[in-house]
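Undergrad: 3D, please:
(2 chains)
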Number of protein chains: 2
Amino acid sequence: MGHLGKQTITYKTPPVITCAYSSVGPKETQGPMGKYFDHHCKDELLGEDTWEKAEARLVQTTIQGLLDRAHKVPNDIQYIFAGDLQNQVIASTFGIKDFNIPFFGLFGACSTMGESMCLASMAVAGGMADLVMAGTSSHNCAAEKQFRYPLEYAGQRTETQTWTATASGFVLISRCGEGPQITAITPGKIVDLGMTDAFNMGAAMAPAAVDTILTHLEDTNQKPSDFDAIITGDLGNCGIDIAIDVAKRLGTDLSDVLMDCGKLMYDDERQKTNCGASGCGCSASIFTGYFYKELLNRNLKKILLVPTGALMSQGSTQQGNTIPGIAHAVCIEMK
Amino acid sequence: MGHLGKQTITYKTPPVITCAYSSVGPKETQGPMGKYFDHHCKDELLGEDTWEKAEARLVQTTIQGLLDRAHKVPNDIQYIFAGDLQNQVIASTFGIKDFNIPFFGLFGACSTMGESMCLASMAVAGGMADLVMAGTSSHNCAAEKQFRYPLEYAGQRTETQTWTATASGFVLISRCGEGPQITAITPGKIVDLGMTDAFNMGAAMAPAAVDTILTHLEDTNQKPSDFDAIITGDLGNCGIDIAIDVAKRLGTDLSDVLMDCGKLMYDDERQKTNCGASGCGCSASIFTGYFYKELLNRNLKKILLVPTGALMSQGSTQQGNTIPGIAHAVCIEMK
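TA: Sure, this is the predicted structure:
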């Protein structure tokens, strides 16, 4: 396990993503990526009586779907790495508890898919486990209620605001088997340029995304064109432009290769989502639903997945704190 | 890196805890463990204007104290594994961000010291990093305000209620060096026996503690007397009795060897803390402040540290959910 730079780890025996599964809500189903997702929920409540419980059900549905697809039972999985946006990552807790799989609870805001895949691949590559699971979720109504306003309040949405996706994605990461491999990771630093606008998360996260991407390129001595795509999590339409601009000022042109899951999720004009999608489930579902299959089909050979998170709570912004960002990069190759 | 059972990992080349540091508030200073802690804060605000910011300052103070003691600078640390009880682990975020160390945000409720030491030791033992940091914090006033009532409300405390400690503990975990070694870990499962009383966390966590301890003993083919002490996180005075009782019913007598950080922290009668201490910082500060030194001095040779967490949010209990528990075990030996 050589680690090249301080921050990037390259795997000599790369862990394999042997299976992936995504579940989404109705709005995500109606978007341009809708057909790629594995499970489409009929409504936002999934048979539960609260949004919070609905998100836990979404997690449970996704994990069960993944197990079924891989012909595995919970007892086959050694550890599960997961988290979500709800206070005290309670959607993961209640979605996971009945599977009886040893659980590492994570909080990386919307970067959680990157964090979970980093830690899960470290466990496998380090010889600690043969088969683990990593994933995350978000729920539009639970997140809006917690971070902004309850839906019933019908607060006006700003032009820079993203739409929290009701979505979940989980992967199986194995020591051996067929599928795309995780060949390197760059866990991110907290980057704080002093942003304070909770309705412009893309701007808050863009500097962290650029920091992690440029660090990965430098640590591994690569250039953007060495990747078929560099895919950020949920910068959205404003955030991705800021990221390209910031990278250009720092001497790297990402414009030909940078994509963003938040930009892919919705048809903003038709679906009135303003500035794209956000939420942990955004990059998780678009990776597991779309990019994973593009890798399997060899339409893509090598991607850098960079889920991005805005580190804030309702209380932290009310107390006048800034909104720092974080981004974790996972290099995934189909050989 | 042989892993014996599914759940327990034993390290062939055990990572070393080369340094540890603890910071506590005034009430913890006045308790029976007071003299062992490394840094004593004069008041609960640490110069800040909110409890939440005070906890971030507590984290920053502890990390800086640890770096100074170890003669290290932030750039020497490859990754930091940390979390806390605040919504979106915001105390860790703001306490850590200015150190510019790549950050894995965790949420394991009060089991976070166990979770962070598990993941940090896995990173080092797996050859991913040479030197990492792990730790956590809690703050009485921030936690009471968030989970129960603001202090000003002066709500009556129940007999089974624990006192959230204002405390933080961080460790350095290294691939080589002198000090106690992490020889094995057992990451825990979520255990839910249907407890719903948010004022009796000990009872909610005791089954999880027993599950993890018995799994560790079984996976490693050991008995309780193979340890100088088995130390749970924050079961408190009621919870530890329940744990001993549950273990006895399952055929294992832990009564001679089980200790609890929550029981050690305060003089309950004098300090009116009712049922002991809780909070992520409880086991973190008592391990780093007291047990780490007892290991260094070889008064203890082998302990099993089992931080315990109650997985709940204010919303989850209000929506009628149970309070599941989780506990992560870390075997630490001085050779």
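Undergrad: what about A:Gln146, how many residues close to it?
TA: By the measure other Cβ atoms under 10 Å in any protein chain shown, the count of residues near A:Gln146 is 21. For the C-beta atoms, the positions are set from N, CA and C on the backbone; glycine is no exception.
Undergrad: quick one: it and B:Ile326, what's the gap?
TA: For A:Gln146, the distance to B:Ile326 equals 22 Å [Cβ to Cβ, to the nearest Å].
Undergrad: before we move on, what about A:Thr93?
TA: Noted for A:Thr93: a distance of 8 Å to B:Ile326, by Cβ to Cβ.
Undergrad: Excluding chain neighbours, what is closest to A:Ala329?
TA: Nearest-residue entry for A:Ala329: A:Thr186, 4.1 Å, with adjacent residues in sequence omitted and distances by Cβ to Cβ, 6 or more residues apart in numbering or on different chains.
Undergrad: Need the per-residue pLDDT for the spatially closest residue to A:Ser225 that is not a sequence neighbour.
TA: Spatial nearest neighbour of A:Ser225, chain neighbours left out: A:Val257 (6.7 Å); criterion: Cβ to Cβ, 6+ apart. A:Val257 is assigned 98 on the pLDDT scale.
Undergrad: What residues does A:Val257 make contact with?
TA: Contacts here follow Cβ atoms under 8 Å, 6 or more residues apart in numbering or on different chains; on that basis A:Val257 touches A:Pro224, A:Ser225, A:Phe227, A:Asp228, A:Ala229, A:Ile230.
Undergrad: Kindly supply the ChimeraX command isolating those of those that are buried.
TA: One line in ChimeraX is enough to select the buried members of these, burial here meaning 16 or more other Cβ atoms under 10 Å in any protein chain shown:
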select /A:224,227,228,229,230
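Undergrad: one step back: list the residues that are in contact with both of A:Thr93 and B:Ile326.
TA: Counting by Cβ under 8 Å, 6+ apart, the residues touching both A:Thr93 and B:Ile326 are A:Phe103, A:Gly105, B:Ile190, B:Leu311.
Undergrad: any idea how far the residue in chain A positioned nearest to chain B is from A:Thr288?
TA: Among the residues of chain A, A:Gly126 lies closest to chain B, at 1.9 Å counting by Cβ to the nearest Cβ. Here the criterion is Cβ to Cβ. By it, A:Gly126 lies 24 Å from A:Thr288.
Undergrad: Checking my notes, A:Asp245 in a strand, right?
TA: No: counting by DSSP: H, G, I helix; E, B strand; the rest coil, A:Asp245 is located in no strand; its state is helix.
Undergrad: so how far is B:Gln146 from it?
TA: With distances defined as Cβ to Cβ, the gap from A:Asp245 to B:Gln146 amounts to 38 Å.
Undergrad: May I have the phi/psi pair for A:Gly169?
TA: Summarising the backbone geometry of A:Gly169 under the convention degrees, to the nearest 10, its torsions are phi -140, psi 140.
Undergrad: Could you pull out the buried residues of stretch A:150-162?
TA: In stretch A:150-162, the ones that count as buried by 16+ other Cβ under 10 Å are A:Arg157, A:Thr160, A:Gln161, A:Thr162.
Undergrad: how about that stretch against chain B, any contact?
TA: No: applying Cβ under 8 Å from any Cβ of the partner chain, one finds that stretch A:150-162 is not in contact with chain B, the shortest distance being 12.5 Å.
Undergrad: Residues in contact with that stretch: which ones?
TA: Under the contact criterion Cβ under 8 Å, 6+ apart, stretch A:150-162 has outside partners A:141, A:144-145, A:148-149, A:197, A:199-203, A:234, A:236, A:238, A:262, A:273-278.
Undergrad: and it, how far apart are its ends?
TA: The first and last residues of stretch A:150-162 sit 16 Å apart, counting by Cα to Cα, to the nearest Å.
Undergrad: do the same with stretch A:176-186
TA: From its first residue to its last, stretch A:176-186 covers 22 Å (Cα to Cα).
Undergrad: can you list contacts of that stretch?
TA: Residues external to stretch A:176-186 that are found in contact with it (Cβ under 8 Å, 6+ apart): A:7-11, A:14-19, A:117-118, A:121-122, A:125, A:130, A:173, A:212, A:215-216, A:219-220, A:292, A:295-296, A:328-335.
Undergrad: tell me the average confidence for it?
TA: Averaging the model's pLDDT scores along stretch A:176-186 yields 97.
Undergrad: Please apply the same query to stretch A:108-120.
TA: 98.
Undergrad: do the same with stretch A:277-297
TA: Stretch A:277-297 carries an average pLDDT of 98.
Undergrad: Would you mark the buried spots in it?
TA: For stretch A:277-297, by 16+ other Cβ under 10 Å, it's A:277-295.
Undergrad: Inside helices: which ones of these?
TA: When these are checked against helices using DSSP state H, the ones located there are A:Cys280, A:Gly281, A:Cys282, A:Ser283, A:Ala284, A:Ser285, A:Ile286, A:Tyr292, A:Lys293, A:Glu294, A:Leu295.
Undergrad: Mind jotting down where the strands sit in the stretch 201-335 of chain A?
TA: With DSSP state E, counting those that start in this stretch, the ranges of strands along the stretch 201-335 of chain A come out as A:229-232, A:258-260, A:277-278, A:302-306, A:308-310, A:325-327, A:329-333.
Undergrad: on that earlier part again, excluding sequence neighbours, find me the nearest residue to the residue of chain A closest to chain B.
TA: Per Cβ to Cβ, 6+ apart, closest to A:Gly126 is B:Gly126, 1.9 Å.
Undergrad: Give me the distance between that neighbour and A:Pro15.
TA: For B:Gly126, the distance to A:Pro15 - Cβ to Cβ - is 11 Å.
Undergrad: which one of the two has more residues nearby?
TA: Neighbour tally, B:Gly126 and A:Pro15, criterion other Cβ under 10 Å: the higher count belongs to A:Pro15, 28 against 21.
Undergrad: Please name the residues that touch the spatially closest residue to the more buried one that is not a sequence neighbour.
TA: Counting by Cβ to Cβ, 6+ apart, the nearest residue to A:Pro15 once its immediate chain neighbours are dropped is A:Val124, at 4.1 Å. By Cβ under 8 Å, 6+ apart, the contact list for A:Val124 reads A:Pro15, A:Asp130, A:Leu131, A:Val132, A:Ile173, A:Ser174, A:Arg175.
Undergrad: one more time with 6 Å, if that's ok
TA: Residues in contact with A:Val124, defined by Cβ atoms under 6 Å, 6 or more residues apart in numbering or on different chains, are A:Pro15, A:Ile173, A:Arg175.
Undergrad: residues in the stretch 51-200 of chain A within reach of chain B, list them.
TA: With Cβ under 6 Å from any Cβ of the partner chain as the criterion, the stretch 51-200 of chain A comes near chain B at residues A:52, A:78, A:87-90, A:93, A:97, A:100, A:102-103, A:105, A:107-108, A:122-123, A:126-128, A:187, A:189-190, A:192.
Undergrad: pretty sure A:Ile9 contacts B:Met128?
TA: Yes: between A:Ile9 and B:Met128 there is a contact under Cβ atoms under 6 Å: 5.1 Å.
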